[in-house]
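J.: Sequence unavailable; structure follows:
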Ligand SMILES: Cc1cc2nc3c(=O)[nH]c(=O)nc-3n(C[C@H](O)[C@H](O)[C@H](O)COP(=O)(O)OP(=O)(O)OC[C@H]3O[C@@H](n4cnc5c(N)ncnc54)[C@H](O)[C@@H]3O)c2cc1C
Ligand code: FES
Ligand code: FES
């Protein structure tokens, strides 16, 4: 199969790759570029483990073709920490025991990040709605909801 | 397995490429890329168009035109489409809504197609490269459609004239047990002067509830007034049994939910 070029900004760095036409973004990120933070849970759009942020919007990388992302700005969970310091959401997930097996965590954090980017002081309902496309089989969700609310509070305290 | 994607600047060129055997139009990809990931061998390649008109929403004098590539998220946040925001917001979770297009929703098999239920009650027209069709005619023969849908158009109902309900087990996001949309006009004394009622999950695609519509004319929206409509609500339905609900259950609860929506 003919290879096609794709080029996008991933976590602030320019990336250019040749991929098989029709490759999903999930496959391109994990197997070509080496960013394994998005997880392949279902490849059906159901679990949210593959969630990434494309041009500011939450998307499922398992259902997105990499070629459709030419020129886009993509954020994944592996791009959140700065200089070895965890992002407030990552810190809050650890502190609240919101990650157990960890498989859902990068997708949850992406969904939570988009929420907090647009709604810095979310209600509990806002958090539940924002995470509604992400499945967790371990935590029972409550610690995750609390972690997102805690991260929002710590963000607003830092901003004050 | 990977499948080639061909992107065209115009609908016309994409339409020509779509004639190739196995070519499949790519909207948001939430159904077709999923099918490809599952190994659907009937798809041999994807075709899409980036023509800007496909992503445009135009509202003037209550006439609405929504491009086929407009997503559920874009509809939900569009200030001129506020009456429809709820029907767009119940499609999938946040990521799905950022991807799922109006064009793709027209083809979504039961138990999907919630937004199409709304469009059916709105008596929308569906525009393709081959011309315009009433949505009911379009849905009846959508399997044989080989043209690109470019837009849907409809008249915004009067304030409060449009109602929509989706019933799902998982909250806040879940696949439909059923969905119902109504567009009602009432005379000053409250009697119904015109009614369109559409059901989702009551057949393999959204359907109109003609008998219930007829039974609402001249009636008031009271428990007594809507009783004849509820009595015939099941006429012509053939709901599926799937992991969400049995056909029996859908059949039983349909009049209950229709009643709640009409009395809301
Ligand atoms: C996890 C999950 C949850 C979901 N939940 C819901 C839900 O709650 N409610 C609901 O209604 N749906 C739901 N869906 C189904 C789907 O996301 C929506 O129906 C969506 O609107 C489909 O649009 P799309 O653009 O992604 O379609 P695609 O997958 O791109 O296309 C679907 C079909 O339509 C054809 N098509 C698309 N656009 C055009 C066009 N412009 N012209 C001609 N043909 C076209 C394609 O060729 C294909 O056959 C869900 C899907 C997933 C994966
Ligand atoms: S792997 Fe993409 S939603 Fe599950
Ligand atoms: S921590 Fe295991 S699936 Fe969420």
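T.: It's in. The structure presented is a predicted model; accordingly, all values stated were derived computationally and were not measured. Ligands and ions are numbered 1, 2, ... in the order given.

J.: Tell me how many other residues crowd residue B:169.
T.: For residue B:169, the neighbour count with other C-beta atoms under 10 Å in any protein chain shown is 10. Yep, even glycine has a C-beta here, placed from its N, CA and C like the rest.

J.: What distance do you get for the residue nearest to residue B:222 when sequence neighbours are not counted to chain A?
T.: Spatial nearest neighbour of residue B:222, excluding adjacent residues (C-beta to C-beta, 6 or more residues apart in numbering or on different chains): residue B:263 at 7.6 Å. In this view, residue B:263 and chain A are 26 Å apart by C-beta to the nearest C-beta, to the nearest Å.

J.: ok, how many other residues are close to residue B:263?
T.: Neighbours around residue B:263, by other C-beta under 10 Å: 11.

J.: now residue A:72
T.: 18.

J.: tell me what the helix or strand where residue B:98 lies is packed against?
T.: Assessed by DSSP states H and E, residue B:98 sits inside helix B:94-99. Taking 3 or more C-beta pairs under 8 Å, 6 or more residues apart in numbering or on different chains; DSSP states H and E as contact, the helices and strands that helix B:94-99 lies on are strand A:57-60, helix A:105-118, helix B:72-77.

J.: Determine which of these approaches ligand 3 most closely.
T.: Smallest distance to ligand 3 across the helices and strands packed on helix B:94-99 (C-beta to the nearest ligand atom): 6.0 Å, for helix A:105-118.

J.: and the next helix or strand after that closest one, is it in reach of chain B?
T.: For helix A:105-118, the following helix or strand on the C-terminal side (DSSP H and E) is helix A:124-130. Yes - Helix A:124-130 is in contact with chain B by C-beta under 8 Å from any C-beta of the partner chain, via A:128, A:129, A:130.

J.: Make JSON lines out of those and add pLDDT.
T.: Compiled in JSON lines, the residues of helix A:124-130 next to chain B are given as follows (pLDDT from 0 to 100):
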{"residue": "A:128", "pLDDT": "97"}
{"residue": "A:129", "pLDDT": "97"}
{"residue": "A:130", "pLDDT": "98"}
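
J.: Tell me which of the helices and strands packed on helix B:94-99 is the most buried.
T.: For the helices and strands packed on helix B:94-99, average neighbour numbers computed from mean count of other C-beta atoms under 10 Å in any protein chain shown are highest in strand A:57-60, which has a mean of 26.

J.: Check which helices and strands the helix or strand that it is followed by sits against.
T.: On the C-terminal side of strand A:57-60, the nearest following helix or strand under DSSP H and E is strand A:73-75. Strand A:73-75 is packed against strand A:3-10, strand A:51-54, with contacts defined by 3+ C-beta pairs under 8 Å, 6+ apart.

J.: For ligand 1, which of those strands is the nearest?
T.: For ligand 1, the closest of the helices and strands packed on strand A:73-75 is strand A:51-54, at 11.8 Å, according to C-beta to the nearest ligand atom.

J.: ok, the closest one near chain B or not?
T.: Yes - using C-beta under 8 Å from any C-beta, strand A:51-54 comes into contact with chain B via residue A:51.

J.: does ligand 3 sit close to stretch A:89-99?
T.: Yes - Stretch A:89-99 lies within reach of ligand 3 by C-beta under 6 Å from any ligand atom, at residue A:99.

J.: Quick check: which element contains the residue most central in space within chain B?
T.: Centroid check for chain B by C-alpha atoms, centre = their mean gives residue B:116 as the closest residue, at 0.6 Å. With the criterion set as DSSP H and E, the secondary-structure element containing residue B:116 is helix B:114-121.

J.: from the middle of its chain, how far away would the helix or strand following that helix be?
T.: Downstream of helix B:114-121, the next assigned helix or strand under DSSP H and E is strand B:125-128. Distance, stretch centre to chain centre, for strand B:125-128: 13 Å (C-alpha atoms, centre = their mean, to the nearest Å).

J.: Which parts of strand B:125-128 count as buried, going by neighbours?
T.: B:125, B:126, B:127, B:128 (16 or more other C-beta atoms under 10 Å in any protein chain shown).

J.: what's the closest of those to residue B:16?
T.: Of all the buried residues of strand B:125-128, residue B:128 has the smallest distance to residue B:16: 13.9 Å, by C-beta to C-beta.

J.: how about that closest one, what does it touch?
T.: Contacts of residue B:128 were listed using C-beta atoms under 8 Å, 6 or more residues apart in numbering or on different chains, and they are B:145, B:147, B:148, B:149, B:150.

J.: Check residue A:112 too.
T.: By C-beta under 8 Å, 6+ apart, the neighbours of residue A:112 are A:89, A:127, A:130, A:131, A:147, A:148, A:151.

J.: ok, back up a step: as TSV, the helices and strands packed on helix B:94-99 with mean pLDDT and distance to residue B:184 would be great.
T.: Formatted as TSV, the helices and strands packed on helix B:94-99 follow (pLDDT from 0 to 100; distance: least, C-beta to C-beta, whole Å):
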stretch	mean pLDDT	distance to residue B:184
strand A:57-60	98	35
helix A:105-118	98	35
helix B:72-77	98	22
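
J.: To ligand 1, which of the ones you listed lies closest?
T.: The nearest among the helices and strands packed on helix B:94-99, by C-beta to the nearest ligand atom, is helix B:72-77 at 6.4 Å.

J.: elements contacting the closest one?
T.: Against helix B:72-77 (3+ C-beta pairs under 8 Å, 6+ apart) you get helix B:82-89, helix B:94-99, helix B:102-105.

J.: Would you mind measuring from the residue in the stretch 1-150 of chain B positioned nearest to ligand 2 to residue B:114?
T.: Nearest residue of the stretch 1-150 of chain B to ligand 2: residue B:95, at 7.7 Å (C-beta to the nearest ligand atom). As judged by C-beta to C-beta, to the nearest Å, residue B:95 and residue B:114 stand 16 Å apart.
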